[in-house]
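[1] Build the 3D model from these lines:
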Amino acid sequence: MNNQTSKHTIKELQEIFLKYLSQQNFYSNPKELYDPIVYSMNLGGKRLRPVMLLKTCEMFGGDYSKALDAAVGLEMFHNFTLVHDDIMDQAPLRRGKETVYKKWNPNIAILAGDTMFAIAFNYMMRLDDRYIRTVMRLFNKTAIEVCEGQQFDLNYEKDDSVTVADYLNMIRLKTAVLIAAALKLGAIIGDATEAQCDAIYQFGIETGYVFQLMDDWLDAYSDNAQFGKTCGGDIIEGKKTYLYLKSLEVASTSDRQKIIQYYNDPIMPHAEKIEKVKAIWNRLDIQQLISNEMMQHHQKSLEYLTSLQLDNATDELRQYAEDLVKRTY
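    Below is the predicted model of the structure:
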């Protein structure tokens, strides 16, 4: 317990997880239900959350092999949320391929997602009995919070009274809690103390804030080729991101009216809309304001990591947090 060593790098654990995931058989009947599940699980992605779970388990002196089923369950749950999110967002593509509801239909996607949730639950139940109650309490709490976050996100599309504080709470629920849960699940299985479990969870929350805030910034200001999608997409779609909400908070009455007008103009050409909104944001120094917000959460994340007193065992997680602040795509 807590031997302050970590035997595998994040990259090695990623390879271990991918191999284990490839050995799982999600095929069954009716095929119309299970084929979409297999398809969804094979769409790729960084597998960040399950790998963080395995990394944290080892970091606290646990055996990663005892956490593999929980890692699969967490990845299954994450993909379930994506299947349902794509229906709600009417998104045609996910990781460059057709979304489940587009490839099949919305009814099949809903059923497949529901089944994925149940499969995720079953994988969590494979853990040693001494962890089950604690793990399932965290898993169910996280599932509820993710759904709350998604509902807030839907609500905010038509709510003009949304504040920066509202937005931060929404991304905590929709994005941060699942990263935090992955880390805490690994800590639980690694037999970390309750205080250590709480600290690594809070590290995940703060890291989740940075992750989403950086996404907001990248959407508006990154290089198209690196980011992998059209920059300014959030402006075109009228999404109430941190950049938008913070600009309304600090802008003069005149600039605030202009931002709202540009955002809600259905006729203005996309390139012109992006240019006009960003011109105001640049004048308000919004890039610096979002950078300040990210750095506050980043510093908090490092404080929680330091409080674990695990010396070099946290180096890779620390580097991961540092990389989030510096990423360009």
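[2] residues of stretch 66-82 that come out buried?
    67-82 (16 or more other C-beta atoms under 10 Å). Glycine gets a C-beta too; all of them are placed from N, C-alpha and C.
[3] cool, stretch 188-203 as well?
    Within stretch 188-203, the residues that count as buried by 16+ other C-beta under 10 Å are 188, 189, 190, 191, 192, 196, 197, 199, 200, 201, 202, 203.
[4] Just send those residues back as JSON lines, with distance to residue 119 too.
    Below are those laid out as JSON lines (distance: C-beta to C-beta, whole Å):
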{"residue": "188", "distance to residue 119": "21"}
{"residue": "189", "distance to residue 119": "19"}
{"residue": "190", "distance to residue 119": "24"}
{"residue": "191", "distance to residue 119": "27"}
{"residue": "192", "distance to residue 119": "27"}
{"residue": "196", "distance to residue 119": "30"}
{"residue": "197", "distance to residue 119": "25"}
{"residue": "199", "distance to residue 119": "31"}
{"residue": "200", "distance to residue 119": "26"}
{"residue": "201", "distance to residue 119": "25"}
{"residue": "202", "distance to residue 119": "29"}
{"residue": "203", "distance to residue 119": "28"}
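[5] ok, so what distance separates residue 19 from residue 68?
    Separation of residue 19 from residue 68 (C-beta to C-beta, to the nearest Å): 10 Å.
[6] all strands for this protein, in order.
    Using DSSP state E, the strands assigned to the chain run over residues 93-94, 97-98.
[7] Find the one among those strands with the highest mean neighbour count.
    Greatest average neighbour count among the strands of the chain goes to strand 93-94 (a mean of 16), per mean count of other C-beta atoms under 10 Å.
[8] one step back: who wins for proximity to residue 163 among the strands of the chain?
    With C-beta to C-beta as the criterion, residue 163 lies closest to strand 93-94 of the strands of the chain, at 30.3 Å.
[9] what's the domain layout of this structure?
    Using automatic domain parsing, the domain ranges for the chain come out as 1-162, 193-329.
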